[in-house]
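Participant: show me the folded form of this:
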Amino acid sequence: MKLFVSLLCIHIAVALLALRNESALPIVLWHGLGDTCCLPISTGVLRLFLYGKIKNIHVISIDTSSDSIISLQDSYFLNPNQQVDYACVVLREDKNLRNGFNVIGLGQGSLFLRAVIQRCGHKLPPIKNYISFGGPQQGISGLPYCTAVSHQTCSSMRELLEFAPYHYMTQHAILPATYWHDPLRNEDYKKRSTFLSDINNEEVINELYRSNLKQLQRFIMVKFKNESVIQPPESAWFGYYTPGQKKELQTLQQSSIYLEDRLGLQEMDKAGKLIFLTHPNQHLEFDELWLLENIVPYLVDKRNNGTSADVLINIKIDTN
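Facilitator: Here you go, the predicted structure:
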């Protein structure tokens with residue numbers, strides 16, 4: 001056992017040394033609901049992890065305000081279309097991204113980054129890998145709890161989402177309403193959702209969205225094994241309830257988005273560009289070793305003979 005632990009520690013140390021000697025593309029992060037760019041939870045933890053493991057990495061953590069209180073409020077109430085437009089400008093003007101970059105989204109931030117890719121990706125330097133941590137790719141049908149807002153506010157939001165999610169006022173006042181996907185009101189969702197229905201090409205196929213998304217090298221979807229925030233959890237892998245009921249689930253490959261290839265996901269899947277991973281923890285609770293084994297290899301530039309990737313494979317073998 002001691003020998004096993006010693007070998008594991010050596011492999012990890014060598015992996016970190018290799019990572020620190022390789023160049024890596026910049027990374028763009030986008031936080032989730034009830035979070036900001038830099039709080040010492042979720043996004044802040046991931047940001048510090050990246051800085052600590054990849055030498056000279058340039059990380060942008062998108063936020064709507066330098067005031068953390070406003071930023072927290074925006075994560076609940078600022079329309080995502082406005083946020084995406086803002087992010088497109090920020091990324092287009094950042095000269096550090098000129099040779100390409102990777103993007104990582106947390107929760108709803110994953111959806112916003114996909115919208116950036118689809119809507120303005122052709123105006124940006126190449127986006128290589130898109131990593132979605134617990135991102136509700138097919139939306140949500142429940143809001144179990146809120147952080148950073150009062151209990152009364154959360155209860156009022158939940159009532160509106162349950163009874164009038166597609167009303168004009170709800171769609172423009174409550175951010176989660178824009179990716180609320182009621183399987184019992186599927187046609188209302190398609191016609192009246194102001195955000196998710198559009199980026200999922202539900203009503204009309206926007207060829208620009210398909211083209212931009214297919215330019216990715218990889219689309220990596222991470223589902224959390226003990227997920228209790230995203231409902232249903234399968235949304236993190238683009239699965240969802242079969243339309244018309246709220247019990248039976250279907251996978252991405254069984255959905256019309258895939259079968260009709262409305263986003264190009266079927267083509268990407270056949271090309272090996274879709275990666276489905278399961279993290280063992282609760283929603284956005286990160287395990288560093290898991291990140292090192294499963295995520296960092298996609299973030300490190302392989303131009304230097306792939307040394308770090310080889311070492312990481314050795315770690316994975318030893319820990320099984």
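Participant: enumerate every residue touching residue 191.
Facilitator: Contact analysis of residue 191 by C-beta atoms under 8 Å, 6 or more residues apart in numbering lists 197, 203. Glycine gets a C-beta too; all of them are placed from N, C-alpha and C.
Participant: and it, which of the three is it?
Facilitator: Put simply, residue 191 is helix when judged by DSSP: H, G, I helix; E, B strand; the rest coil.
Participant: try residue 230
Facilitator: Under three-state DSSP, residue 230 comes out as coil.
Participant: equivalent analysis for residue 222, please.
Facilitator: strand.
Participant: do I have it right that it meets residue 279?
Facilitator: Yes - taking contacts as C-beta atoms under 8 Å, residue 222 lies within contact range of residue 279: 5.4 Å.
Participant: residue 35 contacts residue 106, correct?
Facilitator: Yes - taking contacts as C-beta under 8 Å, residue 35 lies within contact range of residue 106: 7.2 Å.
Participant: so what sits against both of those two?
Facilitator: Common neighbours of residue 35 and residue 106 (C-beta under 8 Å, 6+ apart) are 42-43.
Participant: list the residues that contact both of residue 222 and residue 279?
Facilitator: Joint contacts of residue 222 and residue 279 (C-beta under 8 Å, 6+ apart) are residue 133.
Participant: output the below-cut-off pLDDT ranges for the stretch 1-150 of the chain.
Facilitator: 1-23, 144-150 (pLDDT under 70).
Participant: how about the strands in it?
Facilitator: All strands of the stretch 1-150 of the chain, identified by DSSP state E, counting those that start in this stretch, fall at 27-30, 59-62, 101-106, 127-133.
Participant: can you dump the C-alpha coordinates of stretch 28-37 into PDB?
Facilitator: The C-alpha trace of stretch 28-37 is given here as PDB (Å, rounded to 0.1, in the frame of the first residue of the first chain):
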ATOM      1  CA  VAL A  28     -12.400  31.700 -20.200                       C
ATOM      2  CA  LEU A  29     -14.600  30.900 -17.200                       C
ATOM      3  CA  TRP A  30     -18.300  31.800 -16.600                       C
ATOM      4  CA  HIS A  31     -19.800  31.300 -13.100                       C
ATOM      5  CA  GLY A  32     -23.300  29.900 -12.400                       C
ATOM      6  CA  LEU A  33     -26.400  31.000 -10.600                       C
ATOM      7  CA  GLY A  34     -25.900  32.700  -7.200                       C
ATOM      8  CA  ASP A  35     -22.100  33.100  -7.800                       C
ATOM      9  CA  THR A  36     -19.600  35.600  -9.100                       C
ATOM     10  CA  CYS A  37     -16.300  35.400 -10.900                       C
END
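Participant: now stretch 121-135: buried residues?
Facilitator: By neighbour count on 16 or more other C-beta atoms under 10 Å, the buried set for stretch 121-135 is 121, 124-125, 127-135.
Participant: what is the nearest of those to residue 143?
Facilitator: residue 134 (14.5 Å; C-beta to C-beta).
Participant: wait, doesn't that closest one sit right on residue 228?
Facilitator: No - in this structure, residue 134 is not within contact of residue 228 by C-beta under 8 Å, at 10.5 Å.
Participant: shared neighbours of those two, anything?
Facilitator: residue 283.
Participant: which stretches of the stretch 101-250 of the chain form helices?
Facilitator: Assigned by DSSP state H, counting those that start in this stretch, the stretch 101-250 of the chain shows helices spanning 108-120, 151-163, 168-173, 186-192, 196-199, 207-214.
Participant: distance of residue 55 relative to residue 236?
Facilitator: 31 Å (C-beta to C-beta, to the nearest Å).
Participant: tell me which residues touch residue 120, please.
Facilitator: So residue 120 contacts 84, 88, 91-92 (C-beta under 8 Å, 6+ apart).
Participant: swap in 10 Å and give it another go.
Facilitator: 84-85, 87-89, 91-92, 208, 212 (C-beta atoms under 10 Å, 6 or more residues apart in numbering).
Participant: thank you, goodbye.
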